[in-house]
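Asks: When you get a sec, could you give me coordinates for this:
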Amino acid sequence: MENLQNQAVPVLHAQNVSMRYEQGDLSVDVLSNLSLTIDAGERVAIVGSSGSGKSTLLHLLGGLASPTAGTVLLGGQNIHQLNQAQRGQLRNQQIGFVYQFHHLLPEFTALENVSMPLLIGKSSVKNATERATELLQRVGLGERLKHKPAELSGGERQRAAIARALVTHPPLVLADEPTGNLDEATADKVYELMLELNQEINTSFLLVTHDTRLASRMDRVLHLTQGRLSDNRPA
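Replies: I've put the predicted structure just below:
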């Protein structure tokens, strides 16, 4: 599968995406006719109140769920036209995910957790270990390689999760409240790290958050209200 980081093609383009949940006679429109384009290296935040559909939107854009209507293109490719195996391969190689809770596997060390996306992608153990070690050192965890998640602080676990998301050098990282479980000082440090890595690797970041203070530091801030996006792109 080709790398999606083509400067001539948007990293992400969602067109007229809608999501409706139906159960019996109940029908709820969570997202309505949303369109969004993200270019290579761009940093975009989506803010909205709890229950506004932010996480649902991120799941659709990352191929974790399928929209009721509309298309999602990653590097020009319609992710929802892929079969399950192809979609899984694309997520592994082309998208990094960061969540509010780190989702590190508790029985594995930081090094093993960060190496895993590369190993799943059929990289050699040597290459995966070298790249994971390099990135963990970059995020300040060079002395914590052999530590399991329970032996790391909250900020350290989240930095390891960011390293795991970036270890494949994906064109796009989707982050769902990545600092929401951290105190303000630690959140600021984690956020600074994300911005630095964005500059160094040219990875695009799509950040979902309720923290308008942090969101304001992105290139664009989108507001999700009643299932619709408004774009505050500067003139």
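
Asks: switch to C-alpha atoms for all contacts and neighbour counts from now on
Replies: Noted.

Asks: name the helices or strands packed onto the helix or strand hosting Val221?
Replies: In this structure, Val221 sits in strand 220-225 according to DSSP states H and E. In terms of contacts (3 or more C-alpha pairs under 8 Å, 6 or more residues apart in numbering; DSSP states H and E), strand 220-225 is packed against strand 43-47, strand 228-231.

Asks: and the first one, which strands flank it?
Replies: Sheet pairing here is set by DSSP bridges, and for strand 43-47 it gives strand 204-209 (parallel), strand 220-225 (parallel).

Asks: and for the first one, what are the contacting residues?
Replies: Taking C-alpha atoms under 8 Å, 6 or more residues apart in numbering as the criterion, the residues outside strand 204-209 that touch it are 11, 38-48, 54-55, 58, 171-178, 180, 198, 215.

Asks: Quick one: buried ones out of those residues?
Replies: With burial judged by 16 or more other C-alpha atoms under 10 Å, the buried subset of those is 11, 38-48, 54-55, 58, 171-178, 198, 215.

Asks: Filter those residues down to the ones in helices?
Replies: Among these, the members falling in helices (DSSP state H) are 54-55, 58, 198, 215.

Asks: Output these as JSON lines; include the columns pLDDT.
Replies: Converted to JSON lines, those look like this (pLDDT from 0 to 100):
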{"residue": "Lys54", "pLDDT": "82"}
{"residue": "Ser55", "pLDDT": "82"}
{"residue": "Leu58", "pLDDT": "87"}
{"residue": "Asn198", "pLDDT": "80"}
{"residue": "Ala215", "pLDDT": "84"}
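
Asks: could you dump the residues you listed to JSON lines with distance to Thr129?
Replies: Shown next, in JSON lines, are these (distance: C-alpha to C-alpha, whole Å):
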{"residue": "Lys54", "distance to Thr129": "34"}
{"residue": "Ser55", "distance to Thr129": "31"}
{"residue": "Leu58", "distance to Thr129": "29"}
{"residue": "Asn198", "distance to Thr129": "22"}
{"residue": "Ala215", "distance to Thr129": "33"}
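
Asks: all helices for the protein, in order.
Replies: 54-61, 84-94, 110-120, 125-138, 154-166, 184-201, 212-215.

Asks: just the ones you listed: most buried one?
Replies: helix 154-166 (a mean of 25; mean count of other C-alpha atoms under 10 Å).

Asks: Centre of the chain to that one, how far?
Replies: Centroid separation for helix 154-166 versus its chain: 12 Å, with C-alpha atoms, centre = their mean, to the nearest Å.
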